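[1] Quick one, structure for this:
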Amino acid sequence: MSAAAKGCIALVTGGNRGIGRAFVDELLAAGAEKVYMGSREPVDDAPEGVEVVILDVTDQASVAAAAARCADATVLVNNAGLHARTRLVLTDDTDAARREMEVNYFGVLDMTRAFAPVLAANGGGAIVNVLSVAGAIPTAFMGGYSTSKAAALYLSIISRAELEPQGTTVTALVVGSVDTRMADHVAGHKEDPRDIARIGLSAMKRGERVVDTDVMAITARASYAVDPVRHEQAMAKLMNATNLSTGR
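    Here you go, the predicted structure:
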């Protein structure tokens, strides 16, 4: 089974900026019938025809309300994410990893649980989870973010297995460095968010399981596969040589 963007009815979490906004724009460009833009706050610049849904993926009542409002959805894009920009063990913010896990893992899990019956009722549809290369390989300088995205990657694979009988595909996007607010302090080349969205929608249409969306994701995963110890040591050196860095 697979789902095409044309004619779909989609909800994008964290759709008001960054990769989420790019998904909203690309869904519209691809001919989606309707796009719901999930956002924790009101949005003043939503494109014409987009319905803004106030949504906090860490609040189960908010998630349930979104599922009721978006009962016609055929596509769910789990994009909302949090990177606390602190270390995992040696940190002054001991709640940071919990907050990252609440958004990046439990938020995706709760949205998937809430929308699984919605998608089933509407023919199966598709779920796209916007993840990170930091979740595909252990990335020391991204602490709790790496850990939470790794959990979300496993969640994507397991939820796909559970939802296949109802005709719902689940596609995990392994994303590298992208030109968004989350990576505003990162030097070097960064991908255009709309390129990531286009690749993601193409992967959704093909019914792909796990997809590397860009050069950084591909090369980092290849490097880790060849020599994981050397890669982990390089990540540790990078962490200890700088105050903080990030990826997605």
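
[2] in stretch 143-162, what's buried?
    Judged by neighbour count (16 or more other CB atoms under 10 Å), stretch 143-162 contains these buried residues: 143-153, 155-156, 159-160. Bear in mind the C-beta positions are built from the backbone N, C-alpha and C, glycine included.

[3] I meant to write stretch 12-19 there.
    So, applying 16+ other CB under 10 Å, buried residues of stretch 12-19: Val12, Thr13, Gly14, Gly15, Asn16, Arg17, Gly18, Ile19.

[4] quick one: which of those is nearest Val178?
    Ile19 (6.2 Å; CB to CB).

[5] Pretty sure Pro193 is one of the things the closest one touches, is it not?
    Yes. With contact defined as CB atoms under 8 Å, Ile19 counts as touching Pro193 (4.7 Å).

[6] before we move on, back to that, looking at the buried residues of stretch 12-19, which are in helices?
    In helices, defined here by DSSP state H, the members of those are Gly18, Ile19.

[7] Name all residues that make contact with the residue nearest to the spatial centre of the chain.
    For the chain, the residue nearest the mean C-alpha position is Val130 (2.1 Å; CA atoms, centre = their mean). Applying CB atoms under 8 Å, 6 or more residues apart in numbering, we find Val130 in contact with Ile19, Gly20, Phe23, Val77, Asn78, Asn79, Gly81, Leu173, Val175, Ile196, Gly200.

[8] which one of these sits closest to Ala241?
    Checking the contacts of Val130 against Ala241 by CB to CB gives Val175 as the nearest, at 24.1 Å.

[9] Have a look at this protein and report its longest helix.
    For the chain, the helix that runs over the most residues, judged by DSSP H, is helix 143-163.

[10] helices or strands up against that helix?
    When contacts are defined as 3 or more CB pairs under 8 Å, 6 or more residues apart in numbering; DSSP states H and E, helix 143-163 sits against helix 96-101, helix 107-121, strand 126-130, helix 133-136, strand 169-174, strand 210-212.
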